[in-house]
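Participant: okay, structure incoming, though there's no sequence with it:
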DNA sequence: CTGTAGTTTCAGTAACTTCTGAAAATACAG
DNA sequence: CTGTATTTTCAGAAGTTACTGAAACTACAG
């Protein structure tokens, strides 16, 4: 592993551990993303200096997030792993999985709590707050779902638009002004 | 603490721990958000059954995230803590702090790595991927910064717009079509 | 069916994080 | 300044998560 790749792998390991993601899983995934060729579990273990079993567990985790593809090379018994070719596809999968695991349960918990009748002014106030949280989370979620619908090509256009992003939102503002 | 509030507090404790946030800190903050009145550290410790020192550390953490306000009641030596009155303000602070702590360092790490000359085809490929990551993260960050600029009243309008969100994005699409 | 290359599982240990109680520090009333 | 109410710090205990090596399992070539 070259120093440049190493540096990137280490950074994403660190960052991963600030999220819920295990540091070593973060490193493994960065390695896969930066590698032009699929890698075997042994190659990953070797490159990163982890035990073979740790890599096996990490890959299982990544598979449960649907972030890696498993492929077999004909005439070779080993299993090869790779990340999607499009970074945008990776980001979409991450958003979707996080939504499933964190946002959806929270929204449904909030909805449940909002169904029950408040026992007094204390709960009434709490319910108001819960309602605000629910509505906000729901709205932000809808936004990200809309963004997720864009394919890589569309996104490319948005990227090039760059700083003119403000203009898009100004137009949106005008629309809102009317309503 | 009523059962409804308890349930919500517990849920956010769980959810917090899936993010990088300490479970007990998550619970403390949920309690503060749901409470109409500011609370003292002792009240929090009492309600949640944590040690006083644990609460002290948790509040320090929350202060470092700028998520709580500290206030003094005249004629009372105790310190009272409260969450912002607007949920949207809380969300904006969260977004901003996460950006500072996670996104900005990643962007600058990627920029650094993109400055260095690739040592071979392996690094050349890796740099392509890093460039894609960088551009994508930068774009998504810009979007969230634009959204953050909205004040609570503006957001209220967006909330009411609800499912018509699609229309806003359709208009954006037309704009993109021209470019 | 047997042997071998490869993968997964899992119990135990290492490493890390959280939480506590005791002590120190702070702040202020009298 | 003294005493008391309050908050903070911190060393270590308790709890949790990550990692490993050994063993079990799987798949397949011969």
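Facilitator: Cool, got the structure. The structure displayed is predicted, hence computed values, not measured ones.

Participant: buried ones in the helix or strand that contains residue A:6?
Facilitator: If you go by DSSP states H and E, residue A:6 is part of helix A:3-18. By 16 or more other CB atoms under 10 Å in any protein chain shown, the buried positions in helix A:3-18 come out as A:4, A:5, A:6, A:8, A:9, A:10, A:11, A:12, A:13, A:15, A:16, A:17. (Each C-beta comes from the backbone N, C-alpha and C, glycine too.)

Participant: which strands and helices sit next to the least confident helix or strand in chain A by mean pLDDT?
Facilitator: One helix or strand of chain A scores below all others by mean pLDDT, DSSP states H and E: helix A:165-178, with a mean of 75. Helices and strands touching helix A:165-178, by 3 or more CB pairs under 8 Å, 6 or more residues apart in numbering or on different chains; DSSP states H and E, are helix B:121-149, helix B:152-161, helix B:165-178.

Participant: nearest to DNA strand C, of those?
Facilitator: The minimum distance between DNA strand C and the helices and strands packed on helix A:165-178 falls on helix B:121-149, with 22.3 Å, by CB to the nearest atom of the strand.

Participant: so residue A:152 makes contact with residue A:88?
Facilitator: Yes - taking contacts as CB atoms under 8 Å, residue A:152 lies within contact range of residue A:88: 4.7 Å.

Participant: the two: which has the busier surroundings?
Facilitator: Using other CB atoms under 10 Å in any protein chain shown as the criterion, residue A:152 and residue A:88 rank with residue A:88 on top: 19 against 13.

Participant: OK, contacts around residue A:171?
Facilitator: B:171, B:172, B:175 (CB atoms under 8 Å, 6 or more residues apart in numbering or on different chains).

Participant: would you turn these into a markdown table with distance to residue A:99?
Facilitator: Shown next, in a markdown table, are these (distance: CB to CB, whole Å):
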| residue | distance to residue A:99 |
| --- | --- |
| B:171 | 25 |
| B:172 | 22 |
| B:175 | 27 |
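
Participant: for those residues, which one is nearest DNA strand D?
Facilitator: residue B:172 (39.1 Å).

Participant: so what's the closest one up against?
Facilitator: A:168, A:171, A:172.

Participant: give me the nearest residue to the first one, chain neighbours excluded.
Facilitator: Counting by CB to CB, 6 or more residues apart in numbering or on different chains, residue A:168 lies nearest to residue B:172, which is 5.1 Å off, once chain neighbours are set aside.

Participant: measure the one you found to residue A:150 for me?
Facilitator: The gap separating residue B:172 from residue A:150 is 10 Å, by CB to CB, to the nearest Å.

Participant: how many residues are close by the residue of chain A found nearest DNA strand C?
Facilitator: The minimum distance from chain A to DNA strand C, using CB to the nearest atom of the strand, falls at residue A:53 (3.1 Å). Burial of residue A:53 is recorded as 10 neighbouring residues (other CB under 10 Å).

Participant: which strand or helix spans it?
Facilitator: Counting by DSSP H and E, residue A:53 is found in helix A:52-64.

Participant: flag every buried residue along that helix.
Facilitator: Going by 16+ other CB under 10 Å, helix A:52-64 has these buried residues: A:54, A:55, A:58, A:59, A:61, A:62.

Participant: for that helix, give the mean pLDDT please.
Facilitator: The pLDDT scores in helix A:52-64 average 97.

Participant: which residues does it contact?
Facilitator: Outside helix A:52-64, the residues touching it (CB under 8 Å, 6+ apart) are A:22, A:24-25, A:28-29, A:32, A:41-42, A:44-45, A:48, A:50, A:68, A:70, A:81.

Participant: tell me what whichever helix or strand comes after it is packed against?
Facilitator: Next in sequence after helix A:52-64, counting helices and strands by DSSP H and E, comes strand A:69-72. Under the contact criterion of 3+ CB pairs under 8 Å, 6+ apart, strand A:69-72 touches strand A:79-82.

Participant: for the contacts of helix A:52-64, which single residue is the most surrounded?
Facilitator: In terms of neighbours by other CB under 10 Å, the contacts of helix A:52-64 top out with residue A:28 at 30 neighbours.

Participant: please name the nearest non-neighbouring residue to that one.
Facilitator: With CB to CB, 6+ apart, the residue lying closest to residue A:28 is residue A:58, at 4.8 Å.
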